[in-house]
Structure formats: structure tokens, C-alpha cells
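Peer 1: sequence below, structure please.
(3 chains)
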Amino acid sequence: MTERDEREHTETDTPGLDGLELVLEAVLFAASEPLRMQDLVAACTGMEGVGHGEVEAALQRLAEHYRDRSLELVRSASGFRFRVRQRFSSHVQASLPERPPRLSRALLETLAIIAYRQPVTRAEIEDIRGVAVSTQIMRNILEREWVHVVGHKEVPGRPALYATTRTFLDDLGLSRLDELPPLDALRELVDPPVEADSDEGPSGGAADGASSDETAEHPTLQ
Amino acid sequence: MTERDEREHTETDTPGLDGLELVLEAVLFAASEPLRMQDLVAACTGMEGVGHGEVEAALQRLAEHYRDRSLELVRSASGFRFRVRQRFSSHVQASLPERPPRLSRALLETLAIIAYRQPVTRAEIEDIRGVAVSTQIMRNILEREWVHVVGHKEVPGRPALYATTRTFLDDLGLSRLDELPPLDALRELVDPPVEADSDEGPSGGAADGASSDETAEHPTLQ
Amino acid sequence: MTAAVETPDPESAVEADWACRVNGSPLGELPADLYIPPDALEVFLESFEGPLDLLLYLIRRQNLDILAIPIAEITRQYMAYIEVMQALRLELAGEYLVMAALLAEIKSRMLLPRPSAASEDSDEDPRLALIRQLQEYERFKTAAERLEAMPRMDRDVFHAQASRDALEAPPPPAPELEELLEALVGVLRRATLRSHHQISSEALSVRERMARILEKLEHDAFVEFTSLLTGVEGRPGVVVSFLAVLELSKAGLLEWGQGDPYGPIQVRRRRTGEDA
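Peer 2: Next up is the predicted model:
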């Protein structure tokens, strides 16, 4: 019933130039991709006297309407789109029901090696891990500000030397790095290898949600 | 740079109750699914004095703000979301690159049986339809998340029991299953007429314009 | 429309039925003698959702009541469709043939004289089960039509959404100490397996101090060595810093200098030829 009423409403009372702004609003918010000018003009088929210019002007009014709201109308190379303003990031994150994925095993290993061997180069990390460290992992831990570059090793190529940061300690709930157990104590946890292929480690569960690049690394272990 | 500025902006100038409306707006438009009340309250973590009641009130103001716009705040089975008012649907459709594919009758009948008879097995669906249900149809409605497996019937083979999901209700704009239009009543067969028809009987004036009353009297056909 | 149906000649039932059906179908309003391409028939026949659907169509077409279906006539029409489907080599679902057998059975039971002193259950109308099934199917067929007519998300109703492009990605979870150590144990185990590799274990405080000192040093500016040793932690801090400087030096990361004889000892990050 309501459906029919609504539909009739559209037919009899086609929005005029005033309604153009609302039509564009409807269309822009319904789209999951940016809309090109021609899509917007197409949306106005059947509305008299609406062309390029009218659409431009209505977009202007629409953007103005949202000036003090949490949304902004932006034009990118691919078209027009409403987007949520950046300063609401933390609220949006807090509202999302899905939790971010776990840290991958490869990332944790890299982070642990940097913590215990800092300052250390990527080649040294790779040497200890026995496998390559993906650029993505390095970028990830640098962006997260768990690790930073403290200098460059004076060898050919001048590779960056990585060390852990204050943020890293804060996130672990530590006040100083030497609150981590000493390496010798950890070594005692490492049982003498029984089988050559026991590289699974005691922490099988930690590999959950591992990124694919990590999986790709595994064959070279041993 | 701008990023950091924005972040500081949020932190130093935490939106108060006035800003709550904007926070909810941001969060609702950023979500790809309806948000539950608890998600909305979670979005306000860190905002002082914001609880259930404040969120309710702000949602009210937000809905009011959009009263004359092309969007409306609605509450469906899984929560709150903004949607385009239906009288703008034709414009949205005109802006879409392609129409969504039609649902086949077989799929709709299967869906209807699951909706009204849930939980139901595939064999039971096939009994009602009098024809096999294709695997493709089951896969289709499972992938659309309109239907899910809620258990297994304790009969030989332990066939899956299907039921509709919240997404199904959301997509039909319902908040509860009993908002579906009721099934037609079964008419009882009261003393079925004796049909002493013979093989060669051309079905006389059986047809045209015969009301069901007349039809009920058809035993005289011959 | 019904003229053909009423054709008394059973032999012509099939053709007659076609004429009738075509007139009644969306193809309609065509002269009855027009040639109908087999594809059109195929499309028409394929539009049935099964034997129950076909039966319902036959019943509804004649405005008959399900509760009182004239079995003989409906069976004849049903068979006519089946034959045409087979003649057109349409893939015929087995259910259609099962229904044909059922109709034939009901028809024969209805032809039998009703035993006057029969028990209650044999008195039951043989059409009953079929009528139930048809009614039940029709309810859901109607329900399906109503579902289809309801406004549906992404077809008639559109969710309003804005881009999250400008938003910062949610931060990854913080590492758990336990996970971190577990990962390290795994690394150590592998390193042991490869046996050629040894990880030396300086005190962590020294390693950390090494990093802090490197952070401070520039390769183009000397600082006083002693300035590296002053720490807020008192004597143990000085010792740690001293060890850290020694380690860095051993690793070839530092360069030493002395501006004046007897002047303060100075230190900077070693620069290589490359960036000189």
C-alpha cells in the first residue's frame, strides 16, 4: 500500500528543479561507487530542463548543505561521492562490529627479533628467521609506530637499522625493554629438535589468520 | 599532516551532546550493514555522559533533520540504517549501470516455503513444490544470506534444516517474521462431489466464466 | 477460447488444446491458424515449475475449483501436455510422469463403483490427497508472488551509504606479550635447526641503549662521548650506555675523533664512502 502511494507520488509530483538537489542526494548515497556526471544526468531523466549546468549547481547546493555535517561531497577522478569526514575515524572504528584480524605469525617474529636484536637490519632479521621478511610487514610495523629506523648500517647499500619504540613498549604494557625475559631463558624453552620438520613450533594457534605471504615463506624453513 | 591535525581536533574538541548527532550520522553512513544499538553506543566510547538514552534522543533529532531530505533513518530487524526514500527509487534505478537480475519463480517459491515453514529440509520443500529443488537455487539463497542452516533433522541422513536470516528480513524491510503477509488459509474439503465421469465425456460447458459455485456442481458433466 | 477444449474427438485433443492455450497465452490475440514456432512452445512449457504448477494452470484456466477437479478431463489435458513435451524432446522432469501415473490411478479408482458398505477410509475421495497437495502448493505459489511484489533492497529500496575512503583504517591489534614470545621461541627453534646460526644474547637493556644512541647520532656531527653516558638511571645507566657504545663500536657503527689533543673524545656515526 505504502509502496503504491509512494510510487504514485513520484509519478504525479515529479520533483522539479528544487527537487533536483534531493534526487542527486538520493542517487549519490545509494551508489556504492563514485558516480560520473553522466550517471547523475541519467538519474534525472524525465525531469524537465535539467542538464549539466543544473546538476552542477545542485551539487554545489548539496555540498553546502552538508558543510557542517559529518559527511562531505567530494569529486575525485572517478566521479562524485559522499564520504564520511576523517575526524570521525575513531568513532566509525569503534562502531564496527567486526574486530580487526590477528597479527600474523611472520609479523610477530619480525617484531620479536627487532626487540631482542636492535638495532638490526632487515637482512639480519631474515638471516635469523631463515626466510625473507615481506615489505608489507615492515611497512605495517613502521606505520603502527612499533618500530622505527634509528640509523643506517655502514655497509654497502647502507641498510636501515630498526629498533623498537616507546609505542611498542606501551602497547605491550611494559615500561622498559629489559622487562622482556632474557633470551637465555627463552632458549631453555626450546626443546632439542626431535624431528627435522618440527618447525611448526608449540604455537600452532598463532598462525591463524596468517597472511598468504607468510604461507609462501614456509617451504624454505629448515 | 592533515591527518594528525584532524586527530588532534577530535581529541581536544571531543564532540559533546551536540556532536553526538554527527557522530551517529558518520557511523550510520559508514556502515555497510544496519547497526545495533550497542554498536551505536560503542561508537560513542570516550564521549562523556553518553548512554542509551542520549543515543536514542540523538537518533530522534537525526531522523528529524532528514525529514525533508531524500533519506530516512529506519530501524529494521538488525538495527538502524539510512535508506533512500522510496519515491526516489526510480531515479536511483536510472543511475544504476544495470538492473539487478530477476529472481526465478523456483527460487521465490523455495524461499517462500522456507520463510513460512522454517525450519524445513530440502526434501520437505520438494514435497510441497512437487519437483526437485536445484542445488543452484539453494546455493543462491545461501550466498545472498537470505537463508542459513540452523541444524539437522534427526532422521536418517541428518538433512540440513533451513531457516531465513535477519538479512532476509532486512532486505524486505521487515523487522519480524510475522510481518510477512499471511499465508492463504487452506479450505477444507467438505463432502467432495461425486464425479462419475466417463472417459469419453467431453467436458461440456465446464469452462467459460463458470463461477466456482457452478464448478462445484460439475458432477453432472458428461 | 473453450471451443477447442470442448472438441469431442479425443484424437484431436492435443492440437485442440494447443489452439486454446495459445489463444490464452501472452502470445495471444493471434489468429488460431497461425504457425507457432516450437521455441515459443518450449518457452511456454518451461515456464511451469513442475507438475503441480501445470495442473494448477489447467484448473485455473477453466475457472474450476481445486476442491472439485474433474479428474478425467484434467488428466486428459495433462497427458496432452506431456505428450507434446515429449514430442518436442523437452527435458521432462521425472515428476511429470509420476504425476501422470497418479492421475491415472485416481481416475481409475473413481470409476470403480463405490462400495456401499465400505469401511470409513475406503470411502475417502481418491482425489483428496492430490487436492491437498495442490492447495498447499498454491498457497506457497501465491506467497512467492507476494514476496516478489514486496519492495526489496537493492531493487526498489536502496541503502544510503557514504564512502569510508577518508577514514583511517582500524588499528591492528596490539601484540600480546605471550604471542610475541611464542613467536620468538619458534624462531629460536628454527635457528637451532639450522645450527649454523647463533643468536648471541646481550642484555636487552644494552641492545635497547644501542638503538637509542644510534638514534641520537648523526654521521656528520661529532658529539662528546661522555654525553652519551649521562643517564637518569644513575650508575647502572652509565654502565649500560658504556657497554652499548662498545657494542656499537665493535659492530663498526661508530667513528671516533678528538678535536684537540687532550680535548674531549668525540664520536659520530660512521659514514661510508657512498654518502661522503
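
Peer 1: just the element for A:Glu126, please.
Peer 2: Here A:Glu126 is covered by helix A:122-129, with elements defined by DSSP states H and E.

Peer 1: which parts of that helix are buried?
Peer 2: Neighbour-count burial for helix A:122-129, counted by 16 or more other C-beta atoms under 10 Å in any protein chain shown, picks out A:122, A:124-125, A:127-129. Where you see a C-beta, it was placed from the backbone N, CA and C, and this is true even at glycine.

Peer 1: ok, residues contacting it?
Peer 2: The contact list for helix A:122-129 (C-beta atoms under 8 Å, 6 or more residues apart in numbering or on different chains) reads A:109-110, A:113-114, A:117, A:132-133, A:138, A:159-160, A:162, C:187, C:190-191, C:197, C:199.

Peer 1: quick one: the helix or strand that that helix is followed by near chain B?
Peer 2: Using DSSP H and E, the helix or strand that follows helix A:122-129 in sequence is helix A:135-143. No: if you take C-beta under 8 Å from any C-beta of the partner chain as the test, helix A:135-143 misses chain B, and the best it gets is 11.6 Å.

Peer 1: for the next helix or strand along the chain from helix A:135-143, output the C-alpha coordinates as PDB.
Peer 2: Next in sequence after helix A:135-143, counting helices and strands by DSSP H and E, comes strand A:147-152. Extracted C-alpha coordinates of strand A:147-152, given in PDB (Å, rounded to 0.1, in the frame of the first residue of the first chain):
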ATOM      1  CA  VAL A 147      59.400   0.100  15.100                       C
ATOM      2  CA  HIS A 148      61.500   3.000  13.600                       C
ATOM      3  CA  VAL A 149      64.700   3.500  11.700                       C
ATOM      4  CA  VAL A 150      67.400   4.600  14.000                       C
ATOM      5  CA  GLY A 151      70.200   4.800  11.500                       C
ATOM      6  CA  HIS A 152      71.900   3.000   8.700                       C
END
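
Peer 1: strand A:147-152 vs helix A:135-143, what angle?
Peer 2: Using axes from the mean of the first three to the mean of the last three C-alpha atoms, to 10 degrees, one finds that strand A:147-152 and helix A:135-143 are set 100 degrees apart in direction.

Peer 1: near chain C, anything from strand A:147-152?
Peer 2: Yes: judged by C-beta under 8 Å from any C-beta, strand A:147-152 comes into contact with chain C at A:148, A:150-151.

Peer 1: show residues contacting the helix or strand following that strand.
Peer 2: Next in sequence after strand A:147-152, counting helices and strands by DSSP H and E, comes strand A:160-164. Residues outside strand A:160-164 that contact it (C-beta under 8 Å, 6+ apart) are A:111, A:114-115, A:118-122, A:125, A:146-153, A:177, C:208, C:211-212, C:214-215, C:253.

Peer 1: can I get the buried part of those as one ChimeraX selection?
Peer 2: In ChimeraX syntax, the buried subset of those is picked out as below (16+ other C-beta under 10 Å):
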select /A:111,114,115,118,119,120,121,122,125,146,147,148,150,151,152,153,177 /C:208,211,212,214,253
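
Peer 1: show me what contacts the residue in chain C that chain B sits nearest to?
Peer 2: Closest approach between chain C and chain B, counting by C-beta to the nearest C-beta: C:Gly50, at 3.0 Å. In this structure, C:Gly50 makes contact with B:129-131, C:93, C:95-96, judged by C-beta under 8 Å, 6+ apart.

Peer 1: top of those residues by neighbour count?
Peer 2: Neighbour counts for those (other C-beta atoms under 10 Å in any protein chain shown) peak at B:Arg129, which has 25 neighbours.

Peer 1: can you tell me the SS state at C:Leu55?
Peer 2: helix (DSSP: H, G, I helix; E, B strand; the rest coil).

Peer 1: equivalent analysis for C:Ala221, please.
Peer 2: Secondary structure, three-state DSSP: C:Ala221 is coil.

Peer 1: where does the residue in chain A positioned nearest to chain C land on pLDDT?
Peer 2: The nearest approach of chain A to chain C comes at A:Ala163, 3.2 Å away (C-beta to the nearest C-beta). The confidence metric pLDDT takes the value 93 at A:Ala163.

Peer 1: pLDDT at residue 78, what is it?
Peer 2: Reading this off chain A. Per-residue pLDDT puts A:Ser78 at 85.

Peer 1: switch to chain C, that's the one I care about
Peer 2: The model's pLDDT for C:Tyr78 equals 91.

Peer 1: who's in contact with the closest residue to C:Arg164 other than its chain neighbours?
Peer 2: Among residues not flanking C:Arg164 along the chain, B:Ala30 sits closest, at 5.2 Å (C-beta to C-beta, 6 or more residues apart in numbering or on different chains). Neighbouring residues of B:Ala30 by C-beta under 8 Å, 6+ apart: A:84, A:88, A:92, A:95, C:161-162, C:164, C:167.

Peer 1: just the ones of those residues in strands?
Peer 2: A:Val84 (DSSP state E).

Peer 1: what subset of the contacts of B:Ala30 is buried?
Peer 2: Neighbour-count burial (16+ other C-beta under 10 Å) applied to those gives A:84, A:88, A:92, A:95, C:161-162, C:164, C:167.

Peer 1: what mean pLDDT does the helix holding A:Glu126 get?
Peer 2: Helix A:122-129 carries an average pLDDT of 89.

Peer 1: could you check the angle helix A:135-143 makes with it?
Peer 2: Put simply, helix A:122-129 runs at 110 degrees to helix A:135-143, going by the same axes, to 10 degrees.

Peer 1: run the chain-centre distance for helix A:122-129.
Peer 2: Its chain's average C-alpha position is 26 Å from that of helix A:122-129, according to C-alpha atoms, centre = their mean, to the nearest Å.

Peer 1: using CSV, list the CA coordinates for it.
Peer 2: Only the C-alpha atoms of helix A:122-129 are listed here, as CSV (Å, rounded to 0.1, in the frame of the first residue of the first chain):
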residue,chain,number,x,y,z
ARG,A,122,66.3,-6.4,7.6
ALA,A,123,68.9,-8.8,6.2
GLU,A,124,69.8,-9.7,9.8
ILE,A,125,66.2,-10.4,10.6
GLU,A,126,65.9,-12.6,7.5
ASP,A,127,69.0,-14.4,8.5
ILE,A,128,67.7,-15.2,11.9
ARG,A,129,64.2,-16.1,10.7
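
Peer 1: what about A:Gly157, how many residues nearby?
Peer 2: Residues near A:Gly157, counting by other C-beta under 10 Å: 11.

Peer 1: which pLDDT value goes with residue 17?
Peer 2: As the question left the chain open, I've gone with chain A. pLDDT at A:Leu17 comes out at 57.

Peer 1: can you look at chain C instead?
Peer 2: Note on C:Asp17: pLDDT of 42.

Peer 1: also A:Val133?
Peer 2: 87.

Peer 1: equivalent analysis for C:Phe158, please.
Peer 2: Here the pLDDT value assigned to C:Phe158 is 92.

Peer 1: circling back to that earlier point, export the residues of strand A:147-152 next to chain C as JSON lines, with columns for pLDDT.
Peer 2: Below are the residues of strand A:147-152 next to chain C laid out as JSON lines (pLDDT from 0 to 100):
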{"residue": "A:His148", "pLDDT": "92"}
{"residue": "A:Val150", "pLDDT": "89"}
{"residue": "A:Gly151", "pLDDT": "86"}
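
Peer 1: so which of the residues you listed comes closest to C:Pro261?
Peer 2: The closest of these to C:Pro261 turns out to be A:Gly151 (C-beta to C-beta; 29.4 Å).

Peer 1: which SSE is the nearest residue to the closest one once chain neighbours are set aside in?
Peer 2: Leaving aside its chain neighbours, A:Gly151 sits nearest to C:Leu214 (4.1 Å; criterion: C-beta to C-beta, 6+ apart). Assigned by DSSP H and E, C:Leu214 belongs to helix C:204-216.

Peer 1: now do that helix, average pLDDT.
Peer 2: On average, helix C:204-216 scores 82.
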